[in-house]
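In: Dropping a prediction and its sequence here:
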Amino acid sequence: MTILITGGAGYIGSHTCVELLKAGFDIVVLDNFSNSHPESLRRVKEITGRDFNAYDLDLRNKCHVEKVFEKYNIKSVIHFAGHKAVGESVSNPLMYYRNNLMSTIVLCETMKKYGVRNLVFSSSATVYSQKADMPLGEDTGLGAVNPYGRTKYMIEEILFDIYNSDPYWSIALLRYFNPIGAHESGRIGEDPNGLPNNLMPFISQVAIGKLPELQVYGNDYPTKDGTGVRDYVHVVDLAIGHVKALLKVQSSKGVEAYNLGTGNGYSVLEMVEAFEKASGKKIPYKISGRRPGDSPVCYANVSKAKKELNWEAKRGLEEMCRDTWRWQKNNPNGYKKVLNAESIKVF
Ligand code: NAD
Ligand code: UFG
């Protein structure tokens, strides 16, 4: 029995592949490498000492996806593949609707055809209404405010509809808060294309000297120091959360949403300070205006995941910053754009 991982070469996917292989699962990865590099998968094999097959294919290509389902005895799917940059989704919404929705629809159609009904889906805290009280529980009102967030919201709705049409499906909607950090080996981590949008990759590129200074987007929010507060969660904890969610969908039926966060909120300036401590590097910063669409505060109520998945984040802020820095220091240019794709199969 094999677990199919879509988007497995990406940031969260590659860390999850490590944890699945460590836990003894057999996996097969599908990725079109639009936002990742085959080198990440080579390093997953290096870290775990285990081999697996990966296919360079676009999930929207039904014919190719079906060939994978023909070839493997797939038991469950973890679906990471999708575009994720909020700003890009505002300027090019159709690209986001086409990729995120179409790839999920093709995947689910193929799962249905081959009788595979266990699915773990990468959702996001961005599906929650910005007006909600903190901490955010899973029953908080939903209301995404940008096209990217709306794709996640729409996919959640589609998955509920699929379950309502066939109660043999078992689906976990994992609403991630702010994943940061990297594997402790320093061999895999986040490798953004171009200028990072997110706080931690930006801070670490300032620390390594690739960027001159951090722009802090607003210091007039109603928070402890005026800067935005988020629930940062170590990517390895998040990856372990996927293993727990997989066990859950394989042993039950229904659709359930789970927050994956720590339940703690840290401000931008607290993150800068923690990173400086972990790296020994000064992070110059300048306060600039608020970024449109940002909420002042966002953190999770994590009791449902603890109770139903037996999962909770174990790694604290120090470890998150230390591991981010180790990855950045050891890989200043991310995965080098060497073509090392011999082990990547193409249909
Ligand atoms: P990522 O970009 O590193 O990984 C996504 C992977 O999907 C990439 O390897 C990309 O090449 C692949 N992909 C995209 N479209 C594809 C397609 N049509 N066919 C095949 N492969 C395709 O992103 P990530 O940070 O690892 O995020 C994984 C998932 O989690 C995404 O769905 C993202 O929206 C969601 N998420 C991420 C965050 C975050 O802050 N990183 C937060 C909440 C939710
Ligand atoms: N920030 C800065 N300067 C930067 C980048 C960010 O001050 O250069 C601030 C933001 O204003 C915010 C905090 O740092 O207060 C975190 O911002 P990120 O961009 O790292 O994260 P967001 O919470 O805005 O969004 C992220 C992902 C979304 C996802 C969401 C919830 O980008 O896709 O977390 O999971 F939906």
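Out: Great, that's in hand. Ligands and ions are numbered 1, 2, ... in the order given.

In: where in this structure is pLDDT low?
Out: 337-343, 346-347 (pLDDT under 70).

In: Could you give the number of residues near S165?
Out: 9 (other Cβ atoms under 10 Å). From N, CA and C alone the C-beta is placed, and that goes for glycine too.

In: ugh, wrong one, I meant V29
Out: So V29, with other Cβ under 10 Å, has 27 neighbours.

In: Around ligand 1, pick out the residues from the chain.
Out: 7, 9-13, 30-36, 58-60, 80-82, 84, 99, 103, 122, 124, 176, 179 (Cβ under 6 Å from any ligand atom).

In: filter those residues to the buried ones?
Out: 7, 9-13, 30-33, 35-36, 58-60, 80-82, 84, 99, 103, 122, 124, 176, 179 (16 or more other Cβ atoms under 10 Å).

In: Filter those residues down to the ones in strands?
Out: 30-31, 122, 124, 176, 179 (DSSP state E).

In: can you list the residues of the stretch 51-200 of the chain near ligand 2?
Out: 84, 86, 124-126, 176-178, 197-199.

In: Filter these down to the buried ones.
Out: 84, 86, 124-126, 176-178, 198-199.

In: what sits against the nearest residue to G10 once chain neighbours are set aside?
Out: Leaving aside its sequence neighbours, G10 sits nearest to S36 (Cβ to Cβ, 6 or more residues apart in numbering; 4.6 Å). Shown in contact with S36 (Cβ atoms under 8 Å, 6 or more residues apart in numbering): 7, 9-11, 13-14, 191.

In: do the same with S303
Out: S303 neighbours (Cβ under 8 Å, 6+ apart): G137.

In: Now do the phi/psi pair for it.
Out: Note on S303: its backbone torsions stand at phi -70, psi -30 [degrees, to the nearest 10].

In: ok, A125 - contacts?
Out: 136, 175-178, 231, 259, 261, 298, 300.

In: which non-adjacent residue is nearest the most far-flung residue of the chain relative to its centre?
Out: Farthest-out residue of the chain from its mean C-alpha position, per Cα atoms, centre = their mean: D220, at 29.1 Å. Closest residue to D220 apart from its sequence neighbours, by Cβ to Cβ, 6+ apart: G226 at 5.4 Å.

In: so the one you found is in which element?
Out: Using DSSP states H and E, G226 falls within no helix or strand.

In: my read: it touches G218, true?
Out: Yes. When contacts are counted by Cβ atoms under 8 Å, G226 is listed as touching G218 (7.4 Å).

In: how about the residue in the chain positioned nearest to ligand 1, phi and psi?
Out: Nearest residue of the chain to ligand 1, counting by Cβ to the nearest ligand atom: G10, 2.0 Å away. Dihedral pair for G10: phi -80, psi -170, per degrees, to the nearest 10.

In: Could you do the one 5 residues further on as well?
Out: Taking degrees, to the nearest 10, you get phi -70, psi -30 for the backbone angles of H15.

In: Count the neighbours of the closest residue to it other than its chain neighbours for me.
Out: Nearest residue to H15 in three dimensions, chain neighbours excluded: A239, at 4.0 Å (Cβ to Cβ, 6+ apart). A239: 22 surrounding residues under other Cβ under 10 Å.

In: Which residues does stretch 278-298 contact?
Out: Outside stretch 278-298, the residues touching it (Cβ under 8 Å, 6+ apart) are 86, 90, 125, 128, 130, 134, 136, 145-146, 177, 203-204, 206-207, 212-223, 228-231, 265, 272, 275-276, 318, 321-322, 324-325, 329.

In: Also stretch 104-114?
Out: 6, 59-62, 65-66, 69, 74, 77, 79, 82, 117, 119, 121, 155, 158-159, 162, 166.

In: Which of those fall in helices?
Out: 62, 65-66, 69, 155, 158-159, 162 (DSSP state H).

In: Buried only: go through the residues you listed for me.
Out: For the ones in helices among the contacts of stretch 104-114, buried by 16+ other Cβ under 10 Å: 65-66, 69, 155, 159, 162.

In: which of these lies closest to N310?
Out: Nearest to N310, judged by Cβ to Cβ, of these is L159 at 22.6 Å.

In: can you pull the contacts of the closest one?
Out: 108, 119, 121, 169, 171, 173, 255.

In: What about the residue in the chain that ligand 2 sits nearest to, how many residues nearby?
Out: At 2.2 Å from ligand 2, G228 is the closest residue in the chain, using Cβ to the nearest ligand atom. Number of residues near G228 (other Cβ under 10 Å) recorded here: 24.

In: Return the backbone torsion pair for it.
Out: Dihedral angles (degrees, to the nearest 10) for G228: phi -60, psi 140.

In: pretty sure it contacts V268?
Out: Yes. Between G228 and V268 there is a contact under Cβ under 8 Å: 5.6 Å.

In: Name the residues contacting each of the two.
Out: Y217.

In: All the strands of the stretch 151-300 of the chain, in order from the start?
Out: Remark: strands assigned in the stretch 151-300 of the chain by DSSP state E, counting those that start in this stretch are 170-176, 178-180, 214-217, 229-230, 232-234, 254-260, 266-267, 285-288, 297-298.

In: and those strands as JSON lines, adding distance to D26?
Out: JSON lines is the format used below for the strands of the stretch 151-300 of the chain (distance: least, Cβ to Cβ, whole Å):
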{"stretch": "strand 170-176", "distance to D26": "19"}
{"stretch": "strand 178-180", "distance to D26": "25"}
{"stretch": "strand 214-217", "distance to D26": "42"}
{"stretch": "strand 229-230", "distance to D26": "35"}
{"stretch": "strand 232-234", "distance to D26": "26"}
{"stretch": "strand 254-260", "distance to D26": "24"}
{"stretch": "strand 266-267", "distance to D26": "38"}
{"stretch": "strand 285-288", "distance to D26": "46"}
{"stretch": "strand 297-298", "distance to D26": "36"}
